[in-house]
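Novice: give me the fold of what follows.
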Amino acid sequence: MESLQPLQRAGTLPELAHLHYLIARGGNRLRSEVIARVGTEELPIHCIELGTQSASAPAIGFFGGVHGVERIGSQVVLAFLHSLIERLEWDETLQETLRHLRVVFVPLVNPEGMRAGRRGNPEGIDLMRNAPLDATERPPWPLGGQRLSRRLPWYRGRAGAPMAAEAQAVCELVTQRLLAHPFAITLDCHSGFGAQDRLWFPYAYTRRPIDCLAELYALRCRFRAAHPYHSIYQIEPQARRYTTHGDLWDYLHLESRDLTHAPTFLPLTLELGSWLWVKKSPSQLLNRLGIFNPLSPHRHRRILRQHTTLFEFLMQAARSHQQWCPAASTREGVRRDAMAYWYSDDTGGTAPAD
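Specialist: The predicted model follows:
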């Protein structure tokens, strides 16, 4: 097994080797499937599952490696998966949780992009700008997505073309294995924005509040109450910072509203604040991947372990969603509280400190 390191040599993909080790280590205690093969060498996109497959149970999904330059996002997901697999044999609390919860991992969505050290996939497409969805408020160019050239960052792909294979694989998996359940949470791990870790939720294409705002606010309040000293995250709608075209989680949430069984779907994005790493170690700017990943070994180890609290909380929150989701009689009041908290400044300015 190759261990997870801050950065790797160009052309290598130890994250995939680590994932193969975890699949072998888990054996028949997990379910493993290649959901797509991409690039000229047909690198695999693996899906790992733990827990029940009961249609009445809730579900949670962890995703990483959407952007190939953001290795730390994939590594954080792998580190958590590693912890769960090592506990499967003896941890009775985890075993009980998995009897009532479906847990899905896709740690490496864009393997060829990661191996090449590129943000996009082999065709230069930014997978988080690739869904067939245009922003209603004009996003910043080219950050919000552009169709001018694949040689420029944030390339959306050709207008009218099918989604990239990686994006399509994620959408099909979420629809079939997460949105098939009555309640689902997803957490997609990235890095690179700001000097603080952020938990973003849709929408990215519009500043209009999402329809499950009450549930997201209740989740935020539960996390703050349960972990009052773990205040490293700014929790907010992504569009409070900037809007984008083609966000996959916006697209999937809109798709979920048309399903006949009307699941409650809470998509979250963990955006690790990599500017802080650069501030502490300015020499990272000399490495083309340094702005997205911690280079210091001690900082890298700390990041791999410090988000376990959040991941564990989200698993238990998904399992116990009926205990904290607002009831019909209180939901409108919770939504008003959420609007006051996140949208009191209706100009779309800075959200309150969380």
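Novice: every contact and neighbour count from this point should use C-alpha atoms.
Specialist: Will do.
Novice: now do the SS call for the nearest residue to residue 6 once chain neighbours are set aside.
Specialist: Leaving aside its sequence neighbours, residue 6 sits nearest to residue 295 (CA to CA, 6 or more residues apart in numbering; 5.2 Å). Three-state call for residue 295 (DSSP: H, G, I helix; E, B strand; the rest coil): coil.
Novice: quick check: residue 295 touching residue 285?
Specialist: No. Between residue 295 and residue 285 there is no contact under CA atoms under 8 Å: 10.5 Å.
Novice: higher neighbour count, the two?
Specialist: residue 295 (20 against 13; other CA atoms under 10 Å).
Novice: which residues in the stretch 151-300 of the chain form strands?
Specialist: 183-191, 197-201, 233-237, 264-272 (DSSP state E, counting those that start in this stretch).
Novice: for residue 316, which of those strands is the nearest?
Specialist: strand 183-191 (10.9 Å; CA to CA).
Novice: got a list of what residue 300 touches?
Specialist: 5, 6, 294 (CA atoms under 8 Å, 6 or more residues apart in numbering).
Novice: drop anything exposed from those residues.
Specialist: 5, 6, 294 (16 or more other CA atoms under 10 Å).
Novice: if I read this right, the last one contacts residue 8, doesn't it?
Specialist: If I follow you right, that is residue 294. No. Using CA under 8 Å, residue 294 makes no contact with residue 8, being 11.8 Å away.
Novice: please pull out the lowest mean pLDDT helix or strand from this structure.
Specialist: helix 275-280 (a mean of 89; mean pLDDT, DSSP states H and E).
Novice: if we can go back for a sec, check what pLDDT the residue nearest to residue 6 gets.
Specialist: Per-residue pLDDT puts residue 295 at 90.
Novice: repeat for the one 5 residues further on
Specialist: At residue 300, the predicted lDDT confidence score is 94.
Novice: next one: the one 5 residues further on
Specialist: At residue 305, the model reports a pLDDT of 96.
Novice: got the angle for the helix or strand where it lies vs strand 264-272?
Specialist: Assigned by DSSP states H and E, residue 305 falls within helix 297-306. Orientation check (axes from the mean of the first three to the mean of the last three CA atoms, to 10 degrees): helix 297-306 against strand 264-272 gives 170 degrees.
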